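[1] return atomic coordinates for the entry below.
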Amino acid sequence: MAKVLIPLDDTVVVCLGEQKRVVQITCKSERPDDIGTITTYYLVRHEISELILHLVMAHIRSPIPNPLTIEAEMYSIQARSAPWAFGKKVTFLWGEEPLEAGEEKWTFLFTSRRTSK
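    Below is the predicted model of the structure:
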C-alpha cells in the first residue's frame, strides 16, 4: 500500500486502490492547541495513518464495532463511522475508470496520553 499520511484536525478523501473505493476520513484531536497532542501525533503519524487505513479496509471486508477504541502507550484513538450521503452524489474517477464511493465516512478521535508542561 502506498504511504498516505492522515493529517490531524483535517478531513481527506482517500482512494483505497486495491478495493477501488473512495472514503472520507477525518482525524480530530480533543485538544488541537496542546503541544503534547501535536508532538505525540507527529511522533506516531505513520503508525496512526497505517492503523486508520487498515481499519477502514478491514471494515469494508467485514464490519468492525462502531465505535471502536484502540489504546496504545502514547495515545488512544476512537473510530466511528456514519453514512456518507455526499459520497453518493459525486462521481469519482481514476483516469477513465470509475471508482465506488464508500457507504460510510470515518471520524477518528486522537487523544494523546502525554501531557505538555
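[2] could you find the closest non-adjacent residue to Ser81?
    The shortest distance from Ser81 to any non-neighbouring residue, by CB to CB, 6 or more residues apart in numbering, is to Glu104 (4.0 Å). Bear in mind the C-beta positions are built from the backbone N, C-alpha and C, glycine included.
[3] wait, is Ile60 part of a helix?
    Yes - counting by DSSP: H, G, I helix; E, B strand; the rest coil, Ile60 falls inside a helix.
[4] helices of this protein, residue ranges please.
    Using DSSP state H, the helices of the chain run over residues 35-61, 85-88.
[5] which among the ones you listed is found nearest to Thr69?
    Closest approach to Thr69 among the helices of the chain (CB to CB): helix 35-61, 11.4 Å.
[6] what packs against that closest one?
    Helix 35-61 sits against strand 10-16, strand 21-29, strand 75-83, strand 104-112, with contacts defined as 3 or more CB pairs under 8 Å, 6 or more residues apart in numbering; DSSP states H and E.
[7] residue ranges in this protein under the pLDDT threshold?
    1-2, 115-117 (pLDDT under 70).
[8] redo that, cut-off 90
    1-3, 16-20, 30-31, 60-61, 94, 113-117 (pLDDT under 90).
[9] and Phe108, how far from Leu55?
    8 Å (CB to CB, to the nearest Å).
[10] gap between Val12 and Val23?
    Using CB to CB, Val12 is found at 9 Å from Val23.
[11] neighbour count winner among the two?
    Neighbour tally, Val12 and Val23, criterion other CB atoms under 10 Å: the higher count belongs to Val23, 25 against 13.
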